[in-house]
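Peer 1: Whatever this is, show me its structure:
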Amino acid sequence: MSSILSVSRIHEGLPTPLGATWDGIGVNFAVFSANATKVELCLFDAGGERELERIELPEYTDEIWHGYLPDARPGTIYGYRVHGPYDPQNGHRFNPNKLLLDPYAKAHVSRLEWAHEVFGYTIGGEGDDLSFDERDSSRFVPKCRVIDPAFTWSRDRAPRIPWDRTIFYEMHIKGFTKLHPAVKADLRGTFAGLATEQVVDYIKSLGVTSVELLPIHAFLNDNHLLEMGLTNYWGYNTIGFFAADPRYFASGAIAEFKQMIAHLHDAGLEVILDVVYNHTAEGNERGPTLSFRGIDNASYYRLLPDNRRFYINDTGTGNTLNLSHPRVLQMVTDSLRYWALEMHVDGFRFDLATILAREPWGFDEGGGFLKSCRQDPVLSMTKLIAEPWDVGPGGYQVGRFPPGWAEWNDRFRDAARDFWKGDEGRVPELATRLAASGDSFDHRGRKPWASVNFITAHDGFTLNDLVSYNEKHNEANKENNQDGNSNNRSWNCGAEGPTEDVEIIALRERQKRNLLATLFLAQGTPMLLAGDEFGRTQGGNNNAYCQDNEISWLNWEIDDRGEALTNFVRTLAKLKSSFSILRRGRFLKSDLNEALQVKEITWINASGVEMQDGNWTDGNMRCFGMLLDGRAQVTGIKRIASDPTLLLVMNAYHDAVNFKIPEVAGGNRWRCFIDTNDPEREELSLISTGEEYQATGRSLLVFVLDDKGETIRMVRQLALELSRSKQLAR
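Peer 2: You can find the predicted model right below:
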């Protein structure tokens, strides 16, 4: 241990708020531990290399250890040493030789070195994790920094995008900006880089509304990855729930994150954080002692009730946070409120969210965390999105989260992929997903927006690779291509990987447009993976979590095909926002609305008539239409609307199909607004009811009922707005 150089003045301080809080005069330190016997605050030099002082926190109130240092200032580097029983068999792993991160720290400094000293037990010793290691870990572990939260937000206003107008755009901070030519070299891969004007303008030009960032909370690189020359690129390995990861800062100042938020808000863009509250980077019983394990292992983690040496592993990562404990639940909700109130974040996507709703008896929709979010005046006003599954018993819970939540809907992904690659009998499933998956979400007053639809996400193939590879190609991950999902529902269109075959290239581009159009034109909330709009590739790697390199970074050298696809995405986003029938706040019904004498949604076969039981059970049918009546009731008030009527035709058959235009109320002339076989037409073809339109093999069509020229006026307005967005992007 370093010798104590001096003794700081220490006052009793307060048990709240938790963490290190600068009040303009000094710093209050407070940390929870129910089972500790003593807590020491350790102060370090500015570089975090030399321990200057150890100060025993003098007070213990309601299981909170606390003290106040009037001489401490923002920039103070600190950590904790926590004393208590080392009794792994009963869940206790206190070891004061290990310097610990404050769970409430707002900033971390330095990185973890994977030395034996960072483990609470002696690796290879007798009993292994039951042994006790006496070596000091402070040289090898990250430390905390006291921050000054002061920041002038000026005119920052949350965009508060209505749910029915929301379009998510999922991205990685570093991957999106690392190769961007408009971002200064020293800002690439950082929050400041994402705030670059040209970057923000480009995102805005796409028509998306909400940037969803992969985890930015402080996280660790796994040792086994570092040994292979790889890294934890995605960041699903959190070690601090209040601190942004140091590697995403250009300046090191918390203000950089806030400035990024302000720039995105100024452009009308929301910011959603992908958050990981289901586990921590400390792993299982053989993992390092860095924070929670050494502060109060038995409180922070779910342990096996019959052998508390071991951890419940419903996450597949070695441990599971114990949100049944009130202080752990408080930590998570305090963290969420911090990011919402202090950092102005607009919402959260919860990784493995089923974990958060688990109680000792299993998933409970009435569990503590979900109830906390519903009643909290701050959190209930943010966007809350669940990844509704984990690897524990009964982990798949799509549709079972409470009102107010949205959920990733992997059934939409699978149905769309299966249909467009030509699988038999997929029309009924896709029809259900196109109508916002009412079988899962139409209950308790939930709305269609609760279904977050996606074709691709960070985990899996990109859109380009989905239509270019039959098999995953994860060799760069150095696991003999055994990692990642092998059931990708992908189709390479006739060649594995890159090809010069003109026909295959044309088919792939059409399939991309088909999938994107399916995503944007379905009822529900679309999520677009960054780079899919111009066809980025990962070379067939469907599990690039460990690839912090050109495999994962977006290549901004976009060719003509990529530019054309980007413009197509802009058109789809504009359609979604312009045609309210595509984003109804009610689940559209295929039975007759007796009060209004309107069928809100009608499924049409290629003969132009409503589909019957025989059509639905015909496994060979691959072409059908979805008719959305613009008169469909908008709210609970039984009143006919006056929106445009749309007809979507989807043909996954390999050859052309003559589709007969059905009869509808309100007109008999239609404009073909989109044909994915011919996406850049100058003129929109006009066709009348009863005529046939040749739907090219594997193509999607959108027809708009031409009502007294209103369609033409809308088309011209859309064309003008799209032209402006393209200019903005340049």
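Peer 1: Where do the strands of the stretch 101-250 of the chain begin and end?
Peer 2: Per DSSP state E, counting those that start in this stretch, the stretch 101-250 of the chain carries strands over the ranges 108-109, 143-145, 168-171, 210-213, 217-219, 238-244.
Peer 1: So which of the ones you listed is nearest Ile272?
Peer 2: strand 210-213 (4.2 Å; CB to CB). In this view, the C-beta of every residue, glycine as well, is placed from N, C-alpha and C.
Peer 1: circling back to that earlier point, and the strands of the stretch 101-250 of the chain, which is most packed in?
Peer 2: Comparing the strands of the stretch 101-250 of the chain by mean neighbour count (mean count of other CB atoms under 10 Å), strand 143-145 comes out on top with a mean of 27.
Peer 1: In its sheet, which strands sit next to it, and in what direction?
Peer 2: In the sheet, strand 143-145 lines up against strand 77-83 (antiparallel), strand 108-109 (antiparallel) (DSSP bridges).
Peer 1: just for the protein, where's the confidence low?
Peer 2: 1-7, 682-683, 708-730 (pLDDT under 70).
Peer 1: Can you give the distance from stretch 526-544 to the centre of its chain?
Peer 2: Remark: stretch 526-544 is offset 14 Å from the chain centroid, using CA atoms, centre = their mean, to the nearest Å.
Peer 1: end-to-end on that stretch?
Peer 2: End-to-end distance for stretch 526-544: 23 Å, by CA to CA, to the nearest Å.
Peer 1: and what of stretch 513-528?
Peer 2: Stretch 513-528 end-to-end distance (CA to CA) = 13 Å.
Peer 1: Now do the same contact list for Asp364.
Peer 2: Asp364 makes contact with Ala357, Arg358, according to CB atoms under 8 Å, 6 or more residues apart in numbering.
Peer 1: swap that for Glu359, sorry
Peer 2: Neighbours of Glu359 in contact, by CB under 8 Å, 6+ apart: Ser324, Gly367, Gly368.
Peer 1: in a helix, that's where Phe257 is, yeah?
Peer 2: Yes. Looking at Phe257 with DSSP: H, G, I helix; E, B strand; the rest coil, it is inside a helix.
Peer 1: Tell me how far it lies from Phe44.
Peer 2: 24 Å (CB to CB, to the nearest Å).
Peer 1: go on, Asn464?
Peer 2: Taking CB to CB, one finds Asn464 at 48 Å from Phe44.
Peer 1: Just say which of the strands paired with strand 143-145 is most tucked in.
Peer 2: In terms of average neighbour count - mean count of other CB under 10 Å - the standout among those is strand 77-83, at a mean of 23.
Peer 1: what's next to that one, contact-wise?
Peer 2: So strand 77-83 is contacted by 20, 29, 31, 33, 36-48, 54, 94, 96-102, 109, 138, 141, 143-146, 294-296 (CB under 8 Å, 6+ apart).
Peer 1: one more time with 7 Å, if that's ok
Peer 2: 20, 31, 33, 36-44, 46, 48, 94, 96, 99-102, 109, 143-146, 294-295 (CB atoms under 7 Å, 6 or more residues apart in numbering).
Peer 1: What is the nearest of the contacts of Glu359 to Gly484?
Peer 2: Nearest member of those to Gly484, counting by CB to CB, is Gly367, at 31.4 Å.
Peer 1: Let me see the ranges of the helices in the stretch 451-600 of the chain.
Peer 2: 463-466, 502-521, 560-578 (DSSP state H, counting those that start in this stretch).
Peer 1: Select, out of those helices, the one closest to Gly392.
Peer 2: helix 463-466 (28.8 Å).
Peer 1: Not counting the closest one itself, show me its contacts.
Peer 2: In contact with helix 463-466 (CB under 7 Å, 6+ apart) are residues 417, 455-456, 490, 512, 515, 529, 532, 535-538, 540.
Peer 1: Name the SS class of Asp274, please.
Peer 2: strand.
Peer 1: Do I have it right that it meets Leu213?
Peer 2: Yes. The criterion here is CB atoms under 7 Å, and Asp274 meets it with Leu213 at 6.3 Å.
Peer 1: Could you pull out the residues contacting both of those two?
Peer 2: Joint contacts of Asp274 and Leu213 (CB under 7 Å, 6+ apart) do not exist.
Peer 1: returning to what we had before: among the helices of the stretch 451-600 of the chain, which is the most enclosed?
Peer 2: Most buried among the helices of the stretch 451-600 of the chain, counting by mean count of other CB under 10 Å: helix 463-466, with a mean of 25.
Peer 1: chain center to that one, what's the gap?
Peer 2: That offset, for helix 463-466, works out to 19 Å (CA atoms, centre = their mean).
Peer 1: Dump the C-alpha coordinates for that helix into CSV.
Peer 2: C-alpha atoms of helix 463-466 as CSV (Å, rounded to 0.1, in the frame of the first residue of the first chain):
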residue,chain,number,x,y,z
LEU,A,463,-29.0,-5.6,-45.7
ASN,A,464,-26.5,-6.0,-48.5
ASP,A,465,-25.1,-9.2,-47.0
LEU,A,466,-28.6,-10.5,-46.4
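Peer 1: on that earlier part again, pipe the strands paired with strand 143-145 into TSV and attach distance to Asn668 per row.
Peer 2: Output for the strands paired with strand 143-145, formatted as TSV (distance: least, CB to CB, whole Å):
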stretch	distance to Asn668
strand 77-83	75
strand 108-109	66
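Peer 1: one step back: mind giving me TSV with the helices of the stretch 451-600 of the chain and columns for distance to Thr617?
Peer 2: Output for the helices of the stretch 451-600 of the chain, formatted as TSV (distance: least, CB to CB, whole Å):
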stretch	distance to Thr617
helix 463-466	28
helix 502-521	22
helix 560-578	31
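Peer 1: so which of these comes closest to Ser154?
Peer 2: Across the helices of the stretch 451-600 of the chain, closest to Ser154 is helix 560-578 (CB to CB), at 28.3 Å.
Peer 1: contact partners of the helix or strand immediately after that closest one in the chain?
Peer 2: Sequence-wise, the next helix or strand downstream of helix 560-578 (DSSP states H and E) is strand 601-604. With contacts defined as CB under 7 Å, 6+ apart, strand 601-604 is touched by 431, 435, 588-590, 610-611, 624-628, 662.
Peer 1: Would you check the distance separating strand 601-604 from the middle of the chain?
Peer 2: For strand 601-604, the distance to the chain centre is 33 Å (CA atoms, centre = their mean).
Peer 1: List the buried residues of stretch 618-638.
Peer 2: For stretch 618-638, a neighbour-count test (16 or more other CB atoms under 10 Å) marks 618, 621-634 as buried.
Peer 1: just checking, which of those residues belong to strands?
Peer 2: Taking DSSP state E as the definition of strands, those contribute Cys623, Phe624, Gly625, Met626, Leu627, Leu628.
Peer 1: between the helices of the stretch 451-600 of the chain, which gets nearest to Thr190?
Peer 2: helix 560-578 (24.4 Å).
Peer 1: Look up how far Thr21 lies from Met621.
Peer 2: The value you get for Met621 to Thr21, if CB to CB is used, is 64 Å.
Peer 1: Kindly report the same for Leu100.
Peer 2: 18 Å.
Peer 1: what do you get for Trp491?
Peer 2: Counting by CB to CB - Trp491 and Thr21 are separated by 56 Å.
Peer 1: With Arg309 instead?
Peer 2: 36 Å.
Peer 1: and what of Leu684?
Peer 2: Distance from Leu684 to Thr21, by CB to CB: 61 Å.
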